[in-house]
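In: structure of the sequence below:
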Amino acid sequence: MYIKQVIIQGFRSYRDQTVVDPFSPKSNVIVGRNGSGKSNFFYAIQFVLSDEFSHLRPEQRLALLHEGTGPRVISAFVEIIFDNSDNRLPIDKEEVSLRRVIGAKKDQYFLDKKMVTKNDVMNLLESAGFSRSNPYYIVKQGKINQMATAPDSQRLKLLREVAGTRVYDERKEESISLMKETEGKREKINELLKYIEERLQTLEDEKEELAQYQKWDKMRRALEYTIYNQELNETRAKLDELSSKRETCGDKSRHLRDAQQDARDKVEETERVVREKKSKISAMKEEKEQLSSERQEQIKQRTKLELKSKDLQEELAGNSEQKKRLLKERQKLLEKIEEKQKELQETEPKFNTVKEREERGIARLAQATQERTDLYAKQGRGSQFTSKEERDKWIKKELKSLDQAINDKKRQIAAIHKDLEDTETNKEKNLEQYSKLDQDLNEVKTRVEELDKKYYEVKNKKDELQSERNYLWREENAEQQALAAKREELEKKQQLLRAATGKAILNGIDSINKVLEHFRRKGINQHVINGYHGIVMNNFECEPAFYTCVEVTAGTRLFYHIVETDEVSTKILTEFNKMNLPGEVTFLPLSKLDVRDTAYPETNDAIPMISKLRYSQQFDKAFKHVFGKTLICRSMEVSTQLARAFTMDCITLEGDQVSHRGALTGGYYDTRKSRLELQKDMRKAEEELGDMFLNPASRINNEIDQLMNQMQQIETQQRKFKASRDSILSEMKMLKEKRQQSEKTFMPKQRSLQSLEASLHAMESTRESLKAELGTDLLSQLSLEDQRRVDDLNDEIRQLQQVRRQLMKDYRGNKFKRGHCVDIWLYVVFEWLDSWMFLPTVKTLMSKSDHSNINITDLTCANSDLLLLGRLYIIYISHTNSPLIKQKVFNLGL
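Out: Now for the predicted structure:
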């Protein structure tokens, strides 16, 4: 036997796999430069064969691994292939491979690529002569020199060890000892054989009896087998019958449990419905009482309104008849007005001609009268003055006085002319301003009507919203009672879940929620809040049929907390302990879970539990960690078979579990305490509670507030426009008073102007007469020519006065009376129209009626106002065709 080949990898300086072969069966010499690996090659052979490297500590194993510039080697091996053609090794092979593999935490031996123990390797080598007691089959450098210089006794001892004498002596002593023990055992065996021979003789004698016994015993056993077989068949038949009964009873029991659960659910649902109905009945009773009181109040108001409406309708019917009668009178008056206007149109030219004649006659009468007066004065001055000089002196003085008086009269006439012109100009301006104010007034009136309409629309909408809000308040009262019932139901579910789970776990969940809420309130550790995903039970769903098996499989792991990383859990636990909160918590950090894919058996009798769970793929590791190695099986027999064959946990739908380690658990499971069912009910109740908190009454309150603001804004605008209206009316009234005052003073001024002009003519005539008298002889009587002139003037004056009286009697009197009568009616109508300018029109009142905001009093007042305006309208039509007044009446909506 000799070393045929050596394979080294990762050992000391040998990083890559190095194969050294072939070796000679005789002598082999290894040469090379310094550092080429000669010593490490020797150590590699010694590493496998020598006892020197048998007990290595971890740091010593690491020291044997290759260390270089590249990645660190994590394992190394040395393999020696022996030529065993002489069968020195007790293995029936010509080549035997022995490999030793080491790493940081391992030290293994492989014989022909099969792992063996270290003792097996040592015994194999010792059988080939490589004994631990004789390690000189490997001679290290310096050993020869040491042997040459050693004393003779030591060399003798070494030679005996090399020759194996000491081992031989030790084995010889052991063999002698064994021989002695064997001799003792041999004597005992001889004694035992002697006893056996004696016993065989005795048994030979008993052989015939035994044969007889065996014959009858065989018959006995045949009979017993027949009896037992018959009993066994009967028992099996009974067992099959009982098994079928058991299955039937089991099915019935399951059906009964399901029916019981359904009945229990129906009872709970019925109780919940009863509670809701009771709360609704209570709310409806309160609502009924409230609505009843409101109904009584509405009936009273309706009765009052019906009575007032009836009275108003009767009054309106009477007013309708009166309106017809007034229209007939109006038609008659129109006919009379047309007749009178025709008469006026016929007499107007004659009247103007007569008036012109009258004015000329009056002027001529005044002139003739003044001339006659001057002649009488001239006659009187003959007796008034004693001499011509005295008279002339007085005439000059009188002329001077007359000139001054004439100038004063002219100034007065010019002033009155200017005043009359200013009056006419102001009258035109007054009419223009009045017309503009009237237009502004119409615009203000239109704007006020629009604001009134908008105001009543907003008010109507506000009233509708208030009615809706009252309805919602009643609904909210009912919802509050339903909310209290839901809260009570939720508290019951929480108590049941706390009883089924345990106080410590639920306290831990509450404490985690407090920690997260603390982070949210402080605005810190947002990554921790985002990295916490809740407990396992809240992150998946499944069919109710799987609740039992899922709960039994997961157990308390349903309440493990899923987090993104271990840093998140550390932060939460640090704050948890800092706040000294109660409870116990267990985290599942997704970043640390190492879950491998599991090969599930392909069978129709079992399915992977995880395939029946619905969850986010984000939590796939967590759910595979909890449920990934569990199968849902059809029966316990299938569960037992699959658990043995695939080393997986198996469970039935009823919760009977078979562990891959062999443990069987199960029995009756109370579904009333199903934690998944309780959690589902709690989640549903919380969602319903959340929906109940959404109350639209707050939205309607906001809308009502907005409408109130709009109404206030509209009222502000109304006050503004009403102030503008009052201001315009005040200005119009002031303009009207100015115009009336101007009209009152216009005729007196005109008559004064005529009087002044007549007086001026008289004074100028007197002045001419005095000038003509100046320088003439002083006479005590008039001359014949002057006397004839006086007589002619007297006759002319009498004739003019008679003509004037006749004209005044025939024409001017009738025309003045009729014109004055018409002016009076126009003035009355005009005053009333201005007074009722802003009474509610039919259109405005109908707009109020359309918005259901007008009351009976408004309608009554509106009716009276319309009747009065109708009468004024008839008066107006009967007495004038003035465009200005027609425009005012038109603006009133008539």
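In: give me the neighbour count for the closest residue to residue 530 other than its chain neighbours.
Out: Closest residue in space to residue 530, ignoring its immediate chain neighbours: residue 564 at 7.7 Å, by CB to CB, 6 or more residues apart in numbering. For every residue, glycine as well, the C-beta is placed using N, CA and C. Residue 564 has 17 neighbouring residues, counting by other CB atoms under 10 Å.
In: so what does residue 564 have for phi and psi?
Out: The phi/psi pair for residue 564 (degrees, to the nearest 10) reads phi -70, psi -50.
In: ok, now which ones touch it?
Out: By CB atoms under 8 Å, 6 or more residues apart in numbering, residue 564 lies in contact with 530, 531, 532, 533, 589, 590, 591.
In: go again using 7 Å as the cut-off
Out: 531, 590, 591 (CB atoms under 7 Å, 6 or more residues apart in numbering).
In: can you give me the strands for the stretch 251-400 of the chain?
Out: Counting by DSSP state E, counting those that start in this stretch, one finds no strands in the stretch 251-400 of the chain.
In: so which residues of it form helices?
Out: 388-501 (DSSP state H, counting those that start in this stretch).
In: repeat that for the stretch 701-850 of the chain.
Out: Counting by DSSP H, counting those that start in this stretch, the helices of the stretch 701-850 of the chain are 784-807, 813-835, 842-850.
In: flag whichever of those helices has the least confidence on average.
Out: In terms of average pLDDT, helix 842-850 trails the rest of these, at a mean of 41.
In: quick check: residue 615 vs residue 534, distance?
Out: Between residue 615 and residue 534 the distance is 12 Å, computed by CB to CB, to the nearest Å.
In: swap in residue 582?
Out: From residue 582 to residue 534 the distance is 19 Å (CB to CB).
In: who has more neighbours out of these two?
Out: Using other CB under 10 Å, the more surrounded residue of residue 582 and residue 534 is residue 534, with 14 against 11.
In: dump the residue contacts of the more buried one.
Out: residue 562 are the contacts of residue 534 under CB under 7 Å, 6+ apart.
In: helix, strand, or coil at it?
Out: Each residue gets one of three states, and residue 534 gets strand by DSSP: H, G, I helix; E, B strand; the rest coil.
In: kindly provide the distance from it to residue 550.
Out: 17 Å.
In: over to residue 294?
Out: From residue 294 to residue 550 the distance is 56 Å (CB to CB).
In: more neighbours: which of the two?
Out: A side-by-side neighbour count of residue 294 and residue 550, using other CB under 10 Å, places residue 550 first with 25 against 11.
In: and the contacts of the helix or strand where the more buried one lies?
Out: Using DSSP states H and E, residue 550 maps to helix 547-554. Applying CB under 7 Å, 6+ apart, the external contacts of helix 547-554 come out as 536, 542, 558, 609, 626-627, 630, 632, 651-655, 657, 669, 671, 674-677.
In: now those: which count as buried?
Out: 536, 542, 558, 609, 626-627, 630, 632, 651-652, 654-655, 657, 669, 671, 674-677 (16 or more other CB atoms under 10 Å).
In: related to what we said a few turns ago, PyMOL command for the buried members of the contacts of residue 564?
Out: To isolate the buried ones among the contacts of residue 564 in PyMOL, judged by 16+ other CB under 10 Å, type:
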select buried, resi 531+590
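In: and which of the contacts of residue 564 is nearest residue 725?
Out: residue 531 (71.0 Å; CB to CB).
In: contacting residues around the closest one?
Out: Taking CB under 7 Å, 6+ apart as the test, what residue 531 contacts is 563, 564, 565, 568.
In: let's go with 8 Å and repeat that
Out: Applying CB under 8 Å, 6+ apart, the residues near residue 531 are 563, 564, 565, 567, 568.
In: also residue 31?
Out: Listed by CB under 8 Å, 6+ apart, the contact set of residue 31 reads residue 38.
In: follow-up on the earlier one: just the ones of the buried ones among the contacts of helix 547-554 in helices?
Out: Among the buried ones among the contacts of helix 547-554, the ones falling in helices (DSSP state H) are 626, 627, 675, 676, 677.
In: now the residues you listed in a markdown table, with distance to residue 283 and pLDDT?
Out: Below are these laid out as a markdown table (distance: CB to CB, whole Å; pLDDT from 0 to 100):
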| residue | distance to residue 283 | pLDDT |
| --- | --- | --- |
| 626 | 46 | 92 |
| 627 | 47 | 93 |
| 675 | 35 | 76 |
| 676 | 34 | 78 |
| 677 | 31 | 78 |
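In: with distance to residue 749 added, can I get the residues you listed in JSON lines?
Out: Shown next, in JSON lines, are those (distance: CB to CB, whole Å):
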{"residue": "626", "distance to residue 749": "117"}
{"residue": "627", "distance to residue 749": "118"}
{"residue": "675", "distance to residue 749": "113"}
{"residue": "676", "distance to residue 749": "111"}
{"residue": "677", "distance to residue 749": "110"}
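In: closest one of these to residue 54?
Out: Nearest member of those to residue 54, counting by CB to CB, is residue 626, at 46.1 Å.
In: isn't the closest one right next to residue 536, touching?
Out: Yes: with contact defined as CB atoms under 8 Å, residue 626 counts as touching residue 536 (6.4 Å).
In: mind listing the shared neighbours of the two?
Out: 554, 557, 560, 588.
In: could you look up the SS state of the residue nearest to residue 95 when sequence neighbours are not counted?
Out: The shortest distance from residue 95 to any non-neighbouring residue, by CB to CB, 6+ apart, is to residue 81 (5.8 Å). Secondary structure assignment for residue 81 (three-state DSSP): strand.
In: residue contacts, residue 81?
Out: 3, 4, 5, 6, 7, 21, 95, 96, 97, 98.
In: and the buried ones among those, selectable in ChimeraX?
Out: Buried residues within the contacts of residue 81, by 16+ other CB under 10 Å, are selected in ChimeraX with:
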select :3,4,5,6,7,96,97,98
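In: can I get the contacts of residue 81 in JSON lines including pLDDT, distance to residue 180 and secondary structure?
Out: Formatted as JSON lines, the contacts of residue 81 follow (pLDDT from 0 to 100; distance: CB to CB, whole Å; DSSP: H, G, I helix; E, B strand; the rest coil):
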{"residue": "3", "pLDDT": "89", "distance to residue 180": "42", "secondary structure": "strand"}
{"residue": "4", "pLDDT": "90", "distance to residue 180": "45", "secondary structure": "strand"}
{"residue": "5", "pLDDT": "92", "distance to residue 180": "47", "secondary structure": "strand"}
{"residue": "6", "pLDDT": "92", "distance to residue 180": "47", "secondary structure": "strand"}
{"residue": "7", "pLDDT": "94", "distance to residue 180": "49", "secondary structure": "strand"}
{"residue": "21", "pLDDT": "83", "distance to residue 180": "51", "secondary structure": "coil"}
{"residue": "95", "pLDDT": "91", "distance to residue 180": "43", "secondary structure": "strand"}
{"residue": "96", "pLDDT": "91", "distance to residue 180": "38", "secondary structure": "strand"}
{"residue": "97", "pLDDT": "93", "distance to residue 180": "43", "secondary structure": "strand"}
{"residue": "98", "pLDDT": "92", "distance to residue 180": "38", "secondary structure": "strand"}
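In: thinking again about what came up before, please report how far the residue nearest to residue 530 lies from residue 509.
Out: Taking CB to CB, one finds residue 564 at 18 Å from residue 509.
In: can you check residue 342 too?
Out: Counting by CB to CB, the gap from residue 342 to residue 509 is 108 Å.
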